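# need a structure here:
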Amino acid sequence: MSRRNSNVWSNFSFGSCVDTPNDYLLNPEGIRLIFFERCKKSPNNSIKIFTHLFYTNHLGEPAGLKTTSEIEPSHVWVQWNELQEHGWKEVSYNFG
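Below you'll find the predicted structure:
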């Protein structure tokens, strides 16, 4: 019986579970909202997450997009928690 070396490249994922926040954060002055969005088209081995910063109207609802930027998946919850420590409050909107 001869032994062969296998030249197989495997790309197994061992549970890359990156959960992202689902809601908005409203700043203490009530004039800015930030939303964290996971790009649904990004592959599991290269997850892209974007933050969208909005201006708000007099009701504290999104009124206009200010900026969008990409954030490292490992920094999402760090930034979320830091914003809450600085007085940003979690709010939910049901756009439908």
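# Any idea how many residues pack against Phe54?
For Phe54, the neighbour count with other Cβ atoms under 10 Å is 20. Where you see a C-beta, it was placed from the backbone N, CA and C, and this is true even at glycine.
# do the same with Ile31
Applying other Cβ under 10 Å, I find that Ile31 has 14 neighbouring residues.
# so how far is Leu65 from it?
Taking Cβ to Cβ, to the nearest Å as the measure, Ile31 falls 14 Å from Leu65.
# For Trp80, list the residues it contacts.
21, 25, 36 (Cβ atoms under 8 Å, 6 or more residues apart in numbering).
# Just the terminal-to-terminal distance for stretch 77-92.
Using Cα to Cα, to the nearest Å, one end of stretch 77-92 lies 17 Å from the other.
# buried sites along that stretch?
79-80, 83, 88 (16 or more other Cβ atoms under 10 Å).
# could you say what helices and strands the longest strand belonging to the chain packs with?
With secondary structure taken from DSSP state E, the chain has its longest strand at strand 62-71. In terms of contacts (3 or more Cβ pairs under 8 Å, 6 or more residues apart in numbering; DSSP states H and E), strand 62-71 is packed against strand 32-38, strand 49-56.
# Give me the average confidence score over that strand.
Throughout strand 62-71, pLDDT has a mean value of 94.
# Stretch 74-82 too?
Mean predicted confidence for stretch 74-82 is 92.
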